[in-house]
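Student: dropping the sequence and predicted coords here.
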Amino acid sequence: MTGTNNLAYPYAIPHIRPYTELAADLASNNVARYNFITPNQCDDMHDSCPPLNDRTFQGDSWLATALSQITNSEAYQNNGAIFILWDEGQTCDGPIGMIVLSRLAKGGGYASTNYYTHSSTLRTLQEIFEVAPFLGDAANAANLSDLFTPVDRISTIILSSFFARRMGGFNSIFSACHRAAQTLFYGPPICVIGAA
């Protein structure tokens, strides 16, 4: 994503932005159609850091602040969707958490019983942005349409990942979608260079 991990890579500079810029971009409605947000290592529910020293509470606190900014934005209120994903479960193979927030989601506490993988998320994003061919196992995965009421189009995607620096799947999603839509990545540079 950064030209052989080069933070000065010319393509990355306008597309990979510090998280501190997100609030102003949301307030001015200057966000891309696809936005990948990842918290830093203290707020991604992986490391315990002062002053809270509780990785779950740290992640919850960060997410509460981020969600307040996003859900109050025009980008979200105009048929936007927020996908909150984890890359690993309590055990090695899951279940892996995902929460979808959108005015277009089924809501009412709906929980799907369908089997989804990270490839399902990739397939869904490729379908939304009309990016082909499907990458990797996205060709074999079910999309996430079961989570939404029938709609014409989701206008803005905001993807937030916990533990993103350890999972390459989101780099694939970012790579697929940035070709078809204006894309921004908000987060610390360490997450941009994460394992592929």
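Tutor: That came through fine.
Student: can you tell me how far the residue of the chain most remote from its centre sits from Thr38?
Tutor: For the chain, the largest distance from the centre (C-alpha atoms, centre = their mean) belongs to Pro51, which lies 26.4 Å off. Going from Pro51 to Thr38 by C-beta to C-beta, to the nearest Å gives 22 Å. C-beta: built from backbone N, CA, C; applies to glycine.
Student: do the same with Leu85
Tutor: Noted for Leu85: a distance of 10 Å to Thr38, by C-beta to C-beta.
Student: and these two? Which one has more around it.
Tutor: A count of neighbours by other C-beta atoms under 10 Å puts Thr38 above the other of Leu85 and Thr38, at 24 against 21.
Student: my read: that one touches Asp44, true?
Tutor: Yes. With contact defined as C-beta atoms under 8 Å, Thr38 reaches Asp44; the gap is 6.8 Å.
Student: nearest spatial neighbour of Arg123, chain-adjacent residues omitted?
Tutor: Ala138 (3.9 Å; C-beta to C-beta, 6 or more residues apart in numbering).
Student: and that neighbour, what does it touch?
Tutor: Going by C-beta atoms under 8 Å, 6 or more residues apart in numbering, Ala138 touches Ser119, Ser120, Leu122, Arg123, Gln126.
Student: need the contact list for the closest residue to the second one other than its chain neighbours.
Tutor: This points to Ser120. Closest residue to Ser120 apart from its sequence neighbours, by C-beta to C-beta, 6+ apart: Ala141 at 4.5 Å. Each residue near Ala141 by C-beta under 8 Å, 6+ apart is listed here: Tyr116, Thr117, Ser119, Ser120, Leu122, Arg123.
Student: can you pull the pLDDT of the residue nearest to Leu147 when sequence neighbours are not counted?
Tutor: Closest residue to Leu147 apart from its sequence neighbours, by C-beta to C-beta, 6+ apart: Val100 at 5.1 Å. With respect to pLDDT, Val100 scores 85.
Student: Three-state assignment for Val100, please.
Tutor: strand (DSSP: H, G, I helix; E, B strand; the rest coil).
Student: show me what it is bridged to.
Tutor: Counting by DSSP bridges, Val100 is bridged to Phe83.
Student: that one contacts Lys106, doesn't it?
Tutor: No. Look at Val100 against Lys106 with C-beta under 8 Å: they stay out of range, at 9.0 Å.
Student: what do the two both touch?
Tutor: By C-beta under 8 Å, 6+ apart, the residues touching both Val100 and Lys106 are Leu147, Phe148.
Student: higher neighbour count, those two?
Tutor: Using other C-beta under 10 Å as the criterion, Val100 and Lys106 rank with Val100 on top: 20 against 14.
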